[in-house]
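J.: sequence first, predicted coordinates after that:
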Amino acid sequence: MSSDDTPNQPSRPARRGFLKAGAALGAGAATSGLAQAAEAKHHAMPADPMLAVEPFYGEHQGGIVTPQQAHTYVAAFDLTTTSRDDVINLLRKWTESAARMSQAQPAAALDYTGDDHPAADSGDVLGLGPAGLTVTFGFGPGLFTSQDKDRYGLARKRPAALVDLPRFNGDQLIAQKTGGDLFVQACANDAQVAFHAVRQLARQGYGILTMRWGQAGFLSGPRAQTPRNLMGFKDGTNNPPTTDPKAMNQFVWATAADAPWMQGGTYTVVRRIRITLEHWDQMELGFQEQVFGRHKYSGAPLGQMKEFDNVDLEAQDKDGNPQIPENSHVRLSNRASNNGAQILRRSYSYNDSTDFYIERWPPWRQETEYDAGLIFIAHQGDPRTGFIPINEKLAKFDMMNQFTTHVGSAIFACPPGAKAGSFIGAELFSA
């Protein structure tokens with residue numbers, strides 16, 4: 001369903017009595033339909049998405065400005081080794097394996113050495129094709145210091161931008177879904193290919209790390225169109241255009257002088273956001289649109305016709321009230337409401353079956369509900385001027401908070417891309 005051929009639903013008065021405390025679903029800001037179309041053309045996908053190939057080596061890591069694949073598996077690991085050499089050797093092995101898997105090769109050569117050793121690759125995706133696989137690596141605060149200890153001689157190289165995220169209003173974080181020393185994001189056009197990549201890297205680290213958390217995600221929508229989240233709204237319309245180098249240098253790529261090893265990298269925030277879909281599905285369409293500040297079917301800002309029409313924060317309805325409500329998600333996350341700040345959203349939905357749930361708002365239901373929501377992933381040049389101030393505002397005032405709860409959180413420094421023959425993060429470990 002395109003944004004051009006779907007009529008807008010008329011907006012209705014906002015439902016009263018909503019809560020203003022809680023967590024937010026994330027933020028983004030300003031792109032254009034032309035830029036999005038140019039990006040899709042530049043990254044033309046073969047007719048069979050399983051044959052798509054994304055380069056691993058390059059100036060920047062893949063999976064950041066790469067057009068989103070249909071599936072992801074993200075994971076964080078805690079290092080248990082005390083050896084700096086162990087970490088370097090692991091990153092070398094991970095780099096080589098990720099490069100191989102992006103070409104639909106096994107994680108390591110399948111040289112037969114007998115049946116008394118583990119296989120070099122689990123073999124579950126043999127013959128499936130590369131499926132547009134990208135593997136993105138990141139370093140958490142724990143790589144630099146852990147329990148006030150400089151485990152690997154890296155404390156002095158921790159960037160100022162790699163801050164410990166504050167606790168936001170409404171956060172209900174679960175330790176098993178939060179933090180991590182090392183981050184791996186695998187994205188592909190096939191769920192098994194994405195999971196396989198993380199699985200191989202995890203098994204290569206046995207003995208020197210443990211998995212802290214993992215999460216599968218999916219993305220649905222026609223090619224070259226903004227995907228929809230589980231709430232039924234388009235997600236990512238206001239991203240800065242990834243085909244504009246100036247915008248990427250301004251908002252996404254790290255440039256701070258205190259961490260030269262991060263030049264061309266980015267800071268990535270990952271939040272696991274549970275959505276109470278049963279609650280959301282009972283809301284009137286007009287109220288849902290007031291919550292987002294957009295028309296549900298077209299994706300257009302309230303009062304506009306098309307998805308990429310400008311968000312007019314000054315427009316008023318017939319009663320003199322703001323056309324886009326003061327505490328709607330679009331208004332609070334808009335660049336104009338955040339001193340010009342923007343972040344690049346690259347989020348995925350998740351559905352982890354069902355779980356017992358207790359609401360913290362009326363009618364305070366206790367029942368088995370979907371454990372589903374959003375894997376919010378945001379890239380920026382500095383989270384202190386990007387995600388943190390934006391989300392502080394959203395966490396306090398966003399109407400969406402009555403339907404969402406942040407249960408997982410992490411931040412990582414994702415270094416620039418690796419050069420062939422080198423490894424991810426090599427500059428960090430240089431003298």
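T.: Alright, I've got the coordinates.
J.: name the helices or strands packed onto the top strand by length along the chain?
T.: The residue-count maximum for a strand in the chain (DSSP state E) belongs to strand 366-380. Helices and strands touching strand 366-380, as assessed by 3 or more CB pairs under 8 Å, 6 or more residues apart in numbering; DSSP states H and E, comprise strand 71-79, strand 266-275, helix 277-280, strand 344-345, strand 348-358, strand 404-414. For glycine as for every other residue, the C-beta is placed from the backbone atoms N, C-alpha and C.
J.: chain center to stretch 96-110, what's the gap?
T.: Stretch 96-110 sits 24 Å away from the centroid of its parent chain (CA atoms, centre = their mean, to the nearest Å).
J.: tell me the mean pLDDT over that stretch?
T.: Across stretch 96-110, the average pLDDT comes to 95.
J.: got phi/psi on the nearest residue to D164 once chain neighbours are set aside?
T.: Of all residues not flanking D164 in the chain, P141 sits nearest, at 6.0 Å (CB to CB, 6 or more residues apart in numbering). Backbone torsions of P141, given as degrees, to the nearest 10, read phi -60, psi -30.
J.: touching, P141 and L162? I think so.
T.: Yes - P141 lies in contact with L162 (CB atoms under 8 Å); the separation is 5.9 Å.
J.: higher neighbour count, those two?
T.: L162 (23 against 19; other CB atoms under 10 Å).
J.: in three-state terms, label the more buried one for me.
T.: Look at L162: counting by DSSP: H, G, I helix; E, B strand; the rest coil, its state is coil.
J.: with adjacent residues omitted, what lies nearest to it?
T.: L162 sits nearest to A413 (CB to CB, 6+ apart), 4.8 Å away.
J.: what's around L110, how many residues?
T.: 13.
J.: in what element of secondary structure is the closest residue to it other than its chain neighbours found?
T.: Excluding its sequence neighbours, the residue lying closest to L110 (CB to CB, 6+ apart) is A120, at 5.5 Å. Counting by DSSP states H and E, no helix or strand carries A120.
J.: ok, V53 next?
T.: Following DSSP H and E, there is no helix or strand that holds V53.
J.: report pLDDT for it.
T.: On the pLDDT scale, V53 gets 97.
J.: if we can go back for a sec, compare the helices and strands packed on strand 366-380 and say which comes out lowest on pLDDT.
T.: strand 348-358 (a mean of 89).
J.: give the buried residues for it.
T.: For strand 348-358, the neighbour count (16 or more other CB atoms under 10 Å) marks 348-350, 357 as buried.
J.: dump that strand to PDB, keeping only the CA atoms.
T.: As requested, the backbone C-alpha atoms of strand 348-358 are provided in PDB (Å, rounded to 0.1, in the frame of the first residue of the first chain):
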ATOM      1  CA  TYR A 348      13.500  -4.000  13.700                       C
ATOM      2  CA  SER A 349      10.300  -5.500  15.200                       C
ATOM      3  CA  TYR A 350      10.500  -8.600  17.400                       C
ATOM      4  CA  ASN A 351       7.900 -11.200  18.500                       C
ATOM      5  CA  ASP A 352       9.000 -13.600  21.200                       C
ATOM      6  CA  SER A 353       5.800 -15.500  21.600                       C
ATOM      7  CA  THR A 354       3.800 -14.700  24.800                       C
ATOM      8  CA  ASP A 355       4.600 -14.000  28.400                       C
ATOM      9  CA  PHE A 356       2.700 -13.100  31.600                       C
ATOM     10  CA  TYR A 357       2.200  -9.400  31.800                       C
ATOM     11  CA  ILE A 358       1.100  -6.900  34.500                       C
END
